[in-house]
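> generate coordinates for the sequence data below:
(chains A and B)
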Protein chains: 2
Amino acid sequence: MSNPKALPLLEEGSAAAVPCCPPLTERPLSAEEAERTAKMFKALGDPVRLRLFSAVASHEGGEACVCDISDVGVSQPTVSHHLKKLKEAGLLTSERRGTWVYYRVEPSVLAAMGQLLVPATTG
Amino acid sequence: MSNPKALPLLEEGSAAAVPCCPPLTERPLSAEEAERTAKMFKALGDPVRLRLFSAVASHEGGEACVCDISDVGVSQPTVSHHLKKLKEAGLLTSERRGTWVYYRVEPSVLAAMGQLLVPATTG
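Residues are numbered from 1 along each chain as shown, chains lettered A, B, ... in the order given. Take a look at the predicted model:
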C-alpha cells in the first residue's frame, strides 16, 4: 500500500524509548536498559491502550485518526489521552492533516520489541 | 542443554494469561482479548520486573532461583514479590527443589507475545 507522505521515523521526545537491547533471554538487562524498555511494555499494559494500538495498527493504510477508532467504549478525550501515552512511549507517531490528527504505528519499534521476546534456542 | 526434570507448561491460575491473539497489526483486539494480553505486557512494564525476567531468562539452564538473581538493587522480599507477579502473568513457572524455588521462563508465552508484535507486511 502506498504511503502518501513520508513520516519521520521518530518524533521529538520519543527517541529515548527506542529499544536498545538484545533478546531478554540473552543476558540480564542493565538498569538503564530496563528503564527504557519497560516504558514501552507499560504502554501496552493497559487493555484500552492495547485495543487502541491494535485498532491503529490494523487500520487500512496503517494509520487512523481518533474518528476511526472511537468504538472501544471510552470517551474521545480518553481515547486521545491513551493515544498520547502510546506516542510518548515511541509506539505511535502522529501527523495533523486538516481537522484530524492521524496516528501511525512505528514499525521499527514494534520489530525491536518483538525481538526482545525471542525465546532462547537452548533451554 | 538437558532439562533434568520436565516442568508443567503452565501452572494453575496462569492458563487465562496465555496469549490468544493474532498480531496486533492484523485486526483490532476485542475487549476480552485485550484484557488477557495487557496483563502480560503490564508484567514486563516495570523496570525491576523486566530486569528480573531477563535475569531468569538468560540464566544458565534457563532457570534461576532468587539466590541467583538478587543483584538488581532491591531487597529479596521485593524480588520474590516481583517474581510472583511474573508468575501470575503466566510468564514464569516455578518449582520448589529443596530450600529454593526455581523460576523458569514459559517459552510458549514468550513466543506468543513476540508474535503479537510482528509488524504488518503492508504499510
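> now residue A:98: how far from residue B:104?
For residue A:98, the distance to residue B:104 equals 53 Å [CB to CB, to the nearest Å]. Yep, even glycine has a C-beta here, placed from its N, CA and C like the rest.
> need the contact list for residue A:43.
With contact set as CB atoms under 8 Å, 6 or more residues apart in numbering or on different chains, residue A:43 has these partners: A:49, A:85-86, A:88-89, A:91, B:45.
> out of those residues, which are buried?
Listed as buried from those are A:49, A:85-86, A:89, A:91, B:45; burial here means 16 or more other CB atoms under 10 Å in any protein chain shown.
> excluding its backbone neighbours, what's nearest residue A:67?
residue A:100 (6.0 Å; CB to CB, 6 or more residues apart in numbering or on different chains).
> these two touch, right, residue A:48 and residue A:83?
No. Using CB atoms under 8 Å, residue A:48 makes no contact with residue A:83, being 10.5 Å away.
> of the two, which one has the most company?
Comparing residue A:48 with residue A:83 by neighbour count (other CB atoms under 10 Å in any protein chain shown), the higher total belongs to residue A:83, at 23 against 18.
> so which helix or strand takes in that one?
helix A:76-88 (DSSP states H and E).
> follow-up on the earlier one: between residue A:98 and residue B:104, which one's more packed in?
residue B:104 (19 against 7).
> quick one: residue A:113 and residue A:39 touch, right?
No. Here residue A:113 lies out of contact with residue A:39, judged by CB under 8 Å, at a distance of 11.0 Å.
> closest to residue A:79 out of the contacts of residue A:43?
residue A:49 (9.8 Å; CB to CB).
> so what touches the helix holding residue A:83?
By CB under 8 Å, 6+ apart, helix A:76-88 touches A:11, A:13-14, A:17, A:43, A:46, A:48-49, A:52-53, A:56, A:66, A:69-70, A:72, A:74, A:92-94, A:103.
> which of these are buried?
Applying 16+ other CB under 10 Å to the contacts of helix A:76-88, the neighbour count classes A:11, A:14, A:17, A:43, A:46, A:48-49, A:52-53, A:56, A:66, A:69-70, A:72, A:92-94, A:103 as buried.
> quick one: low-confidence residue ranges for chain A.
Residues of chain A that meet the criterion pLDDT under 70 lie in A:1-19, A:121-123.
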